[in-house]
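Participant: I'll drop the sequence and a predicted model, then ask my questions.
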Amino acid sequence: MCGGVKFKHDNKELRVCFPSPKAVLPVRQKSKHHTLIKWGCRHEEEGVLPPGGCARHDSVLKGVWDKYFPKPALITVDHFMEKDKVGKSHWYPVVAGSYIQGLMPVTGMNNVSM
């Protein structure tokens with residue numbers, strides 16, 4: 001996963017970066033409604049999830065996340081941010097109608113209201 005995202009919520013554009021303890025991600029539910037969920041777990045936070053903001057595909061395939069009973073999640077953002085080799089941030093658009101594939105562990109994740 002990336003280091004930051006931009007998306008619209010309640011007619012406002014939000015820019016969220018993972019290091020923030022208030023970081024959330026917009027997720028599309030099966031009902032087609034969107035909900036905000038807490039984004040990962042920072043090193044200083046208590047919780048049942050391992051520290052970090054992403055689940056690497058290879059770790060999902062190896063079953064590392066199985067104990068959290070993960071469900072597929074469509075992360076509905078307009079842009080994502082990655083840093084280059086020298087640490088400079090770059091924002092990239094997500095093609096309209098596309099999503100970032102994620103997972104939502106049932107254990108340790110909460111919906112968030114803003």
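Facilitator: Arrived safely, thanks for sending.
Participant: if I37 is in a bridge, with which residues?
Facilitator: Bridge pairing for I37 (DSSP bridges) gives the partners L25, N111.
Participant: what is the neighbour count of it?
Facilitator: Counted with other CB atoms under 10 Å, residues neighbouring I37 total 18. Glycine gets a C-beta too; all of them are placed from N, C-alpha and C.
Participant: quick check: it touching V24?
Facilitator: Yes - look at I37 against V24 with CB atoms under 8 Å: they come within range, at 6.3 Å.
Participant: how long is stretch 20-38 from one end to the other?
Facilitator: Taking CA to CA, to the nearest Å, the first and last residues of stretch 20-38 lie 11 Å apart.
Participant: mean confidence for that stretch?
Facilitator: If you average the pLDDT over stretch 20-38, you get 89.
Participant: what ranges does this protein have for its strands?
Facilitator: Taking DSSP state E as the test, the strands found in the chain are 4-9, 12-17, 24-28, 34-38, 70-75, 79-83, 89-93, 100-105, 111-112.
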